[in-house]
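[1] Using only what follows, build the 3D model:
(2 chains)
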Amino acid sequence: TQLLEQSPQFLSIQEGENLTVYCNSSSVFSSLQWYRQEPGEGPVLLVTVVTGGEVKKLKRLTFQFGDARKDSSLHITAAQPGDTGLYLCAGPPDGSGNTGKLIFGQGTTLQVKP
Amino acid sequence: DTEVTQTPKHLVMGMTNKKSLKCEQHMGHRAMYWYKQKAKKPPELMFVYSYEKLSINESVPSRFSPECPNSSLLNLHLHALQPEDSALYLCASSHPDTRSNYGYTFGSGTRLTVV
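    Sure, this is the predicted structure:
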C-alpha cells in the first residue's frame, strides 16, 4: 500500500518565521499535489509537481519534488497569519490509471501567530 | 465557472431520517468524488464517478448511496446514519486522468451532524 507521510503534523510559529513541511513516501509518484484547507472549507489546490527535481514558486511558497519522485517539500518564507491552515500533500497511487483517485498525507496543521 | 457548489452547508439529521447532499460543477470535469473528513484529519475517499459511472466504492456502508444524474451533478443519499457518521462531507471534481495534473476542485463541504 502506498503511503504519503507528512511532517511535522503540527506547527505553531510567529509571524515572519520561515518553515518547511515534508511529504515522503517509499514509492514513486507520477505527480504530487499540495492543498491548503481553512477551517470549515474544502481544500484548495496550491500546486502540482510532475518532474523529478522540479521547483515551483507561488509568491512566498516554494514547492520541490524530489529527484526520485518519492518526496516533496513546501517551504514558506516570512509566514503570515493568513497562511494558517491544514496543508495536505496528495498523489495518484499506482494503478489508479484514469480513475482520478488520489491518496492524501495525514496533513500538517500550521498556526501562524501575529 | 471554476467552482464546485455543495448544498446544504450544514445539516443536522436524526438516525431515522433520510436526507440528500448535493454537488454541482460546470467546469466540464468528467470525474466527481465524495470524501468524508473528520476534524484535523485528511479526506477519506468514499466514491468516484468517472463519466457518470461509479468506478470506485471504497467499501462504504450501504446507508450512503451515491447518484450521478448527469455530468454536472452528484448526490449522496443518506439513510439510517449513525452518530459516528458526523463529519464534513466534501465533493470534488477533476479530469478523470490525474496524469493531466489539473488537480481536484473541492466544494466547501456539508457539515453533517447525526443526532
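
[2] pLDDT value on B:Asn101, please?
    Per-residue confidence (pLDDT) for B:Asn101: 63.

[3] Report the closest residue of chain A relative to chain B.
    Per CB to the nearest CB, A:Gly42 is where chain A lies closest to chain B, at 3.2 Å. Using the backbone N, CA and C atoms, a C-beta is placed for each residue, glycine as well.

[4] doesn't B:Ser93 make contact with that residue?
    No: A:Gly42 is beyond contact range of B:Ser93, at 11.2 Å (criterion: CB atoms under 8 Å).

[5] neighbour count winner among these two?
    Neighbours were counted for A:Gly42 and for B:Ser93 using other CB atoms under 10 Å in any protein chain shown; B:Ser93 has more, 28 against 22.

[6] hang on, the more buried one packs against B:Tyr102?
    No: in this structure, B:Ser93 is not within contact of B:Tyr102 by CB under 8 Å, at 10.0 Å.

[7] what about residue 80, how many neighbours?
    Went with chain A since none was named. 12.

[8] Not quite, go with chain B.
    14.

[9] List the contacts of it.
    B:Ala80 is in contact with B:Met15, B:Thr16, B:Arg63, counting by CB atoms under 8 Å, 6 or more residues apart in numbering or on different chains.

[10] tell me which residues of stretch B:104-115 are tucked away?
    With burial defined by 16 or more other CB atoms under 10 Å in any protein chain shown, the residues of stretch B:104-115 counted as buried are B:Tyr104, B:Thr105, B:Phe106, B:Gly107, B:Ser108, B:Gly109, B:Thr110, B:Leu112, B:Val114.

[11] next one: stretch A:83-98
    For stretch A:83-98, burial by neighbour count (16+ other CB under 10 Å) applies to A:83-93, A:96, A:98.

[12] Just those: which are in helices?
    With helices taken from DSSP state H, there is no overlap with the buried residues of stretch A:83-98.

[13] closest to chain A among the contacts of B:Ala80?
    Of the contacts of B:Ala80, the one sitting nearest to chain A (CB to the nearest CB) turns out to be B:Arg63, at 22.6 Å.
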